[in-house]
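In: Return a 3D structure for these sequence lines:
(one chain, ligands or ions: 1)
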Amino acid sequence: MLKVENVTKVYKVGTFGGRTLTAVDAVSFEVRPGEVVSLIGESGSGKSTIGKMILGLIPMTGGTITVDGVPVKPGRDYYRSVQGVFQDPFSCYNPVFKADRVFQLIKDSYYPSVPGKEWTERVHSAIEDVRLNPREVLGKFPHQLSGGQLQRLLIARALLLDLKLLIADEITSMLDASTRIDVLNLLAELKGRGLSVLYVTHDLSLGHYLAERTVVLRSGAVVEMGLTHKVFDDPLHPYTRQLLSSVPRLHAPWEDAPPVETCLYHERGATGGLYEAEPGHFVACAKLDDC
Ligand SMILES: Nc1ncnc2c1ncn2[C@@H]1O[C@H](COP(=O)(O)OP(=O)(O)OP(=O)(O)O)[C@@H](O)[C@H]1O
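Out: Residues are numbered from 1 along each chain as shown. Below is the predicted model:
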């Protein structure tokens, strides 16, 4: 469904754009139909840049991204099937428009011929699908709604389209713990309906909770990817181990991350790419700085 192949993004930085920064470096992965894949990495590892390129919000420097074989093409047809929901729900709404207006805009752009009554029924049904009461949220301004309610409304808005792929970029990071789990369960439910989700997060535990497969990014490159339980139970790359060991655990004292070891896969061809250590479990050479 989503195929990201050898994708690179180089930003121009510095005064007058005189220097470059490779934010995403030859990244490849895919998301299959009805699958949640989490894209994990620390701040600045390139996660959002990848999300933005998939959504066509910024151009790629190199590589290809396709959804069902069709290259990214920002426009009405593309956004009918690919949508993004972001970290800060407040910034996604116009503060002077009531929530109804968000749904009206969808109708005007995508479904102008749907009769008003039918559209209202669709809107109510999408809002109920995200476990909100339409009467409690429609007719309100963004500041009269909570972060969790706004985030759910964004998902409801996406559901009104013929959505195939949702890019969920840190969507729970501004929510309290119980709302967060509700929104995650909602994503899991949508997956059950065949929706594919790329769940962008720096929170390993949330990625573990939700995703079938995990892609670990470091400095713009994939260092490990595979089935989530493989990556979490048997992390092969020292960076993944480091990330996992830095997750705070109840009743366990803080431990320093283990030092980066010699790469087991270096001699077996991992250099310059990913090595398939076991079926479907890929790892990059750990001698990143030497290679
Ligand atoms: N428009 C831009 N111009 C120049 N550099 C940028 C731009 N956007 C992002 N970057 C840089 O690209 C790198 C990757 O940024 P990105 O936002 O993709 O990381 P991230 O993993 O999503 O981080 P976070 O979790 O903090 O959001 C960072 O070094 C960032 O400073």
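
In: tell me which residues in the lowest-mean-pLDDT helix or strand in the chain are buried?
Out: The weakest-scoring helix or strand in the chain, judged by mean pLDDT, DSSP states H and E, is helix 177-192 (a mean of 78). Across helix 177-192, burial judged by 16 or more other CB atoms under 10 Å covers Thr179, Arg180, Asp182, Val183, Leu184, Leu186, Leu187, Leu190, Lys191. (Glycine included, C-beta is placed from N, CA and C.)

In: on contacts alone, who are the packing partners of it?
Out: Counting contacts by 3 or more CB pairs under 8 Å, 6 or more residues apart in numbering; DSSP states H and E, helix 177-192 is packed against strand 36-40, helix 147-159, strand 165-169, strand 196-201, helix 204-210.

In: Next, the angle from that helix to strand 36-40.
Out: Counting by axes from the mean of the first three to the mean of the last three CA atoms, to 10 degrees, helix 177-192 lies at 130 degrees to strand 36-40.

In: my guess is Leu175 meets Gly148, correct?
Out: Yes - applying CB atoms under 8 Å, one finds Leu175 in contact with Gly148, separated by 5.2 Å.

In: Quick check: can you name the pairing partners of the helix or strand encompassing Leu21 and their directions?
Out: Per DSSP states H and E: Leu21 is located in strand 19-31. According to DSSP bridges, strand 19-31 has the following sheet partners: strand 2-13 (antiparallel).

In: Touching the strand it pairs with from outside, list them.
Out: Outside of strand 2-13, the residues within contact range by CB atoms under 8 Å, 6 or more residues apart in numbering are 18-31, 46, 49-50, 53-54, 58, 60-67, 165, 196, 198, 220.

In: how about the buried residues of helix 177-192 in JSON lines, adding distance to Pro115?
Out: Output for the buried residues of helix 177-192, formatted as JSON lines (distance: CB to CB, whole Å):
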{"residue": "Thr179", "distance to Pro115": "35"}
{"residue": "Arg180", "distance to Pro115": "38"}
{"residue": "Asp182", "distance to Pro115": "33"}
{"residue": "Val183", "distance to Pro115": "32"}
{"residue": "Leu184", "distance to Pro115": "35"}
{"residue": "Leu186", "distance to Pro115": "29"}
{"residue": "Leu187", "distance to Pro115": "31"}
{"residue": "Leu190", "distance to Pro115": "27"}
{"residue": "Lys191", "distance to Pro115": "31"}
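
In: residues shared between the contacts of Leu175 and Gly148?
Out: Val183.

In: For the residue of the stretch 151-291 of the chain found nearest the ligand, which residues are in contact?
Out: Nearest residue of the stretch 151-291 of the chain to the ligand, counting by CB to the nearest ligand atom: His202, 5.0 Å away. Listed by CB under 8 Å, 6+ apart, the contact partners of His202 are Ile40, Gly41, Glu42, Ser43, Lys47, Glu170.

In: give me the subset of those residues touching the ligand.
Out: Gly41, Ser43, Lys47 (CB under 6 Å from any ligand atom).

In: Buried ones from those, can you make that a ChimeraX selection?
Out: Buried residues among the ones next to the ligand among the contacts of His202 (16+ other CB under 10 Å), as a ChimeraX selection:
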select :41,47
